[in-house]
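Chemist: requesting a structural model of the entry that follows:
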Amino acid sequence: MDQPSVMAAYRDAQARVAREPGNGTALFNLGWAASRAGAFDAAILAYEQTLSLSIPEPEEAMYNLAVIYSEHLGKLDSAHLWLARARAANGDYFPAVFHYAHLLEQVGDRQGAVAAFRRAADLRPDDALPVARWVEALTGQEQDSVAAQRLEKFAERGDPDALFALAKHEEQKGRFDSAWARLEAANRLDATGRPPWPAAAIAQRVMRELEQPISDVSDGSGPIFIVGMFRTGSTLLEQILAAHPRFSPLGESDFWPRQIARMGGRMVIPGQQPRAGDIPALRQSFEAMINSRAITPGTRPTDKRPDNLFHIATLARVIPEARFIITERDWRDTLISVFGTRLHPQHGYATSVALIREHLRLCGVLAARWEKVSPERITRVRYEDLIQAPEATLKSLLGWLGESWDPACLNFHKLDNPVRTASVWQIRQPLSSARRGRWRNYAEQLRSVLGPDLDSDTP
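Modeler: Here you go, the predicted structure:
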């Protein structure tokens, strides 16, 4: 549902509740529509009013409340309370069990997540996703023949989730040819039925965005946006900063994607620049979002949303005190990681090696241009530098941000804050060069597509 449709549904739901204030179905629908519109306080109130009416099957409203608290407000205690109520109301309610597993995964509770995903898989035996997440939560040394057998059956049916999970499993075992075959099959299935990726049209629109001016930073202590191509270490960097007492992580906030959609854009397509008269309200809404989150008072929020790379001009205009960190990584390792991750369908380039490379080029143009135009507001950090020389790299970055060095940054892996990205298990480990040069495991397959360009340091 596009943003205008979401807002229309929200207005319709509000009108119906005004006419029928005691209608549980109307209140439930208002909660759903308000949540989709980003009006989370209104959604919470509507769901709580729904539950006060003693509706049948209340577990769905309870589960929806848990999702709002965990995925949008970052308040895991409240999310766990509502999930506990949902599971008490119906212990076999799959969404609540699956989300409980998801929350355990977010905080790094591997043993609990494995058990909960297995329980979810048992509740919905025809769904590959809980089995895939069950397998991904296992360490490389663990074996679970039951999970592997279930995944194989789903893979034989052509399920992308199963194929992506099996590819990771095969890679952990060093069976790279088999892993690649799984990835090709998974991406081929995901690409089926999608329109061709309009790379040229997107690049043209992005180039127009680069013509927008970027003002000087107005305040050295504003929020930090961590942006860049997916799979370049943005989660790692945010987690490192989260270990510093001056920063609080927002994770992948969905605030700006909603605003960009209202401006006619998409994840990697810039929207129209906001009118001057709209900027105060946008800024106020952003500040209200931050205040609604469970962050430490007096700290600087970090918003780690990679695709905000395409919206820097808009964000910089609305928040003149914001700074932007663009994460980068060896393009070949990034390419393999993107090809091995099931991204949102709006990232249509992610199913093709050639298109990923082309998108990486575009990200590189953006990064170089913005850093050159506004070095006080925009800087770049390479994943390899973080791995090879973490203290020196971080001291330089923190100095640029106007903050002092804190050795706690190197103990980021001991944090138990929630992380909601595909790197959820990787960032629970100390810094390691183990994944550097991963692309070499697939050099033969990549060379068949990219030829001698594979040996270049740039895409």
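Chemist: neighbours of residue 437, how many?
Modeler: If you count neighbours by other C-beta atoms under 10 Å, residue 437 ends up with 13. Placement of C-beta: from N, CA and C, glycine included.
Chemist: meant to ask about residue 284, not that
Modeler: For residue 284, the number of neighbouring residues by other C-beta under 10 Å comes to 10.
Chemist: which strands and helices sit next to the host helix or strand of it?
Modeler: Secondary structure assignment for residue 284, by DSSP states H and E: helix 279-292. Packing contacts for helix 279-292, counted by 3 or more C-beta pairs under 8 Å, 6 or more residues apart in numbering; DSSP states H and E, involve helix 255-262, helix 312-318.
Chemist: how about the longest helix along the chain: buried residues?
Modeler: The longest helix of the chain (DSSP state H) is helix 353-373. By 16 or more other C-beta atoms under 10 Å, the buried positions in helix 353-373 come out as 353, 355-360, 362-364, 366-367, 369-370.
Chemist: now do stretch 321-333
Modeler: Neighbour counts using 16+ other C-beta under 10 Å place 322-333 of stretch 321-333 among the buried residues.
Chemist: can you add distance to residue 174 and secondary structure and give the residues you listed back as JSON lines?
Modeler: Formatted as JSON lines, those follow (distance: C-beta to C-beta, whole Å; DSSP: H, G, I helix; E, B strand; the rest coil):
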{"residue": "322", "distance to residue 174": "44", "secondary structure": "coil"}
{"residue": "323", "distance to residue 174": "41", "secondary structure": "strand"}
{"residue": "324", "distance to residue 174": "39", "secondary structure": "strand"}
{"residue": "325", "distance to residue 174": "34", "secondary structure": "strand"}
{"residue": "326", "distance to residue 174": "33", "secondary structure": "strand"}
{"residue": "327", "distance to residue 174": "28", "secondary structure": "strand"}
{"residue": "328", "distance to residue 174": "28", "secondary structure": "strand"}
{"residue": "329", "distance to residue 174": "23", "secondary structure": "coil"}
{"residue": "330", "distance to residue 174": "21", "secondary structure": "coil"}
{"residue": "331", "distance to residue 174": "24", "secondary structure": "helix"}
{"residue": "332", "distance to residue 174": "19", "secondary structure": "helix"}
{"residue": "333", "distance to residue 174": "18", "secondary structure": "helix"}
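Chemist: show me the two of those that sit farthest apart.
Modeler: Greatest spatial distance in these: 322 and 332, 31.2 Å, computed using C-beta to C-beta.
Chemist: could you tell me the end-to-end distance of stretch 98-113?
Modeler: Using C-alpha to C-alpha, to the nearest Å, the end-to-end distance of stretch 98-113 comes out at 9 Å.
Chemist: centre of the chain to the helix holding residue 284, how far?
Modeler: 21 Å (C-alpha atoms, centre = their mean, to the nearest Å).
Chemist: tell me which helix or strand comes right after it.
Modeler: Of the helices and strands lying after helix 279-292 in sequence (DSSP H and E), the nearest is strand 300-304.
Chemist: can I get that following strand in CSV? Just the C-alpha atoms.
Modeler: C-alpha atoms of strand 300-304 as CSV (Å, rounded to 0.1, in the frame of the first residue of the first chain):
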residue,chain,number,x,y,z
ARG,A,300,23.3,12.0,20.4
PRO,A,301,21.0,9.6,18.5
THR,A,302,22.4,7.6,15.6
ASP,A,303,20.0,6.7,12.8
LYS,A,304,21.5,3.8,10.8
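Chemist: so residue 225, which of the three states?
Modeler: When classified by DSSP: H, G, I helix; E, B strand; the rest coil, residue 225 comes out as strand.
Chemist: could you measure from it over to residue 318?
Modeler: Taking C-beta to C-beta, to the nearest Å as the measure, residue 225 falls 11 Å from residue 318.
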